[in-house]
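Asks: This is a predicted model, with the sequence first.
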Amino acid sequence: MKRKVTEQSAAGRELAQRVSGSDEVLLVWHPEVDRVEVSVRDVATGAGFHVDVAPDKAIDAFYHPYAYAAARGDVDLLDRDEATIVNG
């Protein structure tokens, strides 16, 4: 399945992907800046967000993205027309 690539995530590598209800959750590593993010997108509406996470918290954030988003408070919101990444 092809998805549009956002400018922010263009160089990211998808490490894990899961679907829960209508939410698609991606764990993405950006090797050029050694940054890890979790991306959540509601496949029904297209709304979603990205949140940067510490590498040692990546798996926990992947399974609990809303908790990390609420704790951080500085998530990058996605527009409804913006899709998340794909690498490969």
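Replies: Yep, that arrived. These numbers were taken from a predicted model, which means no experiment stands behind them.
Asks: what bridges to the residue nearest the centre of the chain?
Replies: Centroid-nearest residue in the chain, with CA atoms, centre = their mean: S39, separated by 1.1 Å. Under DSSP bridges, the beta-bridge partners of S39 are L26, H50.
Asks: My guess is it contacts D52. True?
Replies: No - with contact defined as CB atoms under 8 Å, S39 and D52 do not form a contacting pair (10.5 Å). Any C-beta I mention is one placed from the backbone N, CA and C, and that applies to glycine too.
Asks: ok, which stretches of this protein are strands?
Replies: 13-20, 23-30, 35-42, 48-53, 76-78 (DSSP state E).
Asks: Would you format these as CSV with mean pLDDT and distance to Y66 included?
Replies: Output for those, formatted as CSV (pLDDT from 0 to 100; distance: least, CB to CB, whole Å):
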stretch, mean pLDDT, distance to Y66
strand 13-20, 96, 10
strand 23-30, 96, 9
strand 35-42, 95, 8
strand 48-53, 92, 9
strand 76-78, 63, 13
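Asks: Could you dump those into TSV and include distance to A67?
Replies: Below are those laid out as TSV (distance: least, CB to CB, whole Å):
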stretch	distance to A67
strand 13-20	13
strand 23-30	12
strand 35-42	11
strand 48-53	10
strand 76-78	17
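Asks: Between the ones you listed, which one is closest to A69.
Replies: Closest to A69 of the strands of the chain is strand 48-53 (CB to CB; 4.9 Å).
Asks: Now the closest one: buried residues?
Replies: G48, F49, H50, V51, V53 (16 or more other CB atoms under 10 Å).
Asks: again with stretch 59-67
Replies: Buried residues in stretch 59-67 (16+ other CB under 10 Å): A61, F62, P65.
Asks: Now do the contacts for the second one.
Replies: In this structure, F62 makes contact with A16, R18, V25, L27, V38, judged by CB atoms under 8 Å, 6 or more residues apart in numbering.
Asks: most neighbours, which of those?
Replies: V38 (27 neighbours; other CB atoms under 10 Å).
Asks: From V19, how far off is that residue?
Replies: 14 Å (CB to CB, to the nearest Å).
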